[in-house]
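Asks: Sharing a model that was predicted from the sequence below.
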Amino acid sequence: MKNILVEKLPAWIFFFLIIAIWQTIVAQQWVPSYLLPSPREIIQTTIDNWTDIGSALLSTLLSIVWGLGLSFSIGVVLAITFFAVPLLRKAVLPFCIFFQTVPIIAIAPLLVIWFGFGQPTVKASAFIVSLFPILANTLTGLQQTDPQLKELFSLYKPNVLTTIFKLQIPSALPYILAGLRIAVGLSVIGAIVGEFIAGGGLGSLIDSARTQQRVDLVFSGVMMSSVLALALIFLIDLVTKLLLGKRPYLRKA
């Protein structure tokens, strides 16, 4: 964890520099506070409305965890299936790619019709946008197994499933974790979009604040969604360090 924090130090320095400049711009009234509230005002708004914001944050987090967990499970299983059955990969994968190109905001109204208002739609939205990165990265990782390792492994004459689960999945682990890291950010976006349409969570709070012209509360909701995404990404980075820290030959992948 200490190494991760040290690696992020330049980013933290730049972040605080931007915050200082932002605070100065608003304090000097170069930009009206009703258009761009200061960081101090946003933090104070977050504290004053923490009961509502905390409840919305928890709702969004639960939807993200549910959608991300489902996308990880299905994405890895699909990738293994496509890898083991090339004909199925050629038949189905192009449709997965096509489906990924459809903006989630365009199909969110359909999700409301299918699943109704509330968390089911939000979970489905988070699941849809986070599925393909895990599927694609896992499939790529399975296809990138070191040929020399495969040749050595073939000396034991294993069956296909043994090769996949004991050689190719461990070798693909860096790719799987990289796909999960991408999917985390997308799942937050998917959940917020779903909440704009179906209600609940940070998305609903931001939309409600917009209608009330509460720019400070809008910024607070956006800030909390970013903090949520960064916290989840940090968690994935930590897991990656723990799993791959002693396997430098895989970490290079």
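Replies: Looks like it arrived, so ask away.

Asks: In terms of secondary structure, what does the helix or strand that contains residue 91 contact?
Replies: Element membership for residue 91, per DSSP states H and E: helix 86-100. Under the contact definition 3 or more C-beta pairs under 8 Å, 6 or more residues apart in numbering; DSSP states H and E, helix 86-100 sits against helix 50-84, helix 119-143. Glycine gets a C-beta too; all of them are placed from N, C-alpha and C.

Asks: So what angle separates the directions of the first one and helix 119-143?
Replies: Between the axes of helix 50-84 and helix 119-143, defined by axes from the mean of the first three to the mean of the last three C-alpha atoms, to 10 degrees, the angle is 40 degrees.

Asks: any idea how far helix 50-84 is from the chain center?
Replies: A distance of 8 Å separates the centroid of the chain from that of helix 50-84, by C-alpha atoms, centre = their mean, to the nearest Å.

Asks: Check which residues of stretch 21-39 are buried.
Replies: Going by neighbour count (16 or more other C-beta atoms under 10 Å), the buried part of stretch 21-39 is 22, 26, 36-38.

Asks: before we move on, back to that, hmm, who's touching the helix holding residue 91?
Replies: Defining contact as C-beta atoms under 8 Å, 6 or more residues apart in numbering, one finds that helix 86-100 is touched by 78, 81-83, 132, 135, 139.

Asks: Out of these, the closest to residue 32 would be?
Replies: Residue 32 lies nearest to residue 132 out of those, by C-beta to C-beta, at 41.7 Å.

Asks: what sits against that closest one?
Replies: With the criterion set at C-beta under 8 Å, 6+ apart, residue 132 makes contact with 75, 96-97, 99-100.

Asks: Please tell me which one of these counts the most neighbours.
Replies: Greatest neighbour count in the contacts of residue 132, by other C-beta atoms under 10 Å, goes to residue 75: 27 neighbours.

Asks: Poorly predicted segments of the stretch 51-200 of the chain, please.
Replies: The stretch 51-200 of the chain contains residues with pLDDT under 70 at 150-151, 153-160.

Asks: rewinding a little: deepest-packed of the helices and strands packed on helix 86-100, please.
Replies: Mean neighbour count (mean count of other C-beta atoms under 10 Å) peaks for helix 119-143 among the helices and strands packed on helix 86-100, with a mean of 24.

Asks: got the angle for that helix vs helix 86-100?
Replies: 140 degrees.

Asks: just use 424 as the starting number from now, easier for me
Replies: In the new numbering, first residue 424, that becomes helix 542-566.

Asks: contacting residues around residue 446?
Replies: Counted by C-beta under 8 Å, 6+ apart, residue 446 has contacts 461-463.

Asks: I appreciate the help and will end here.
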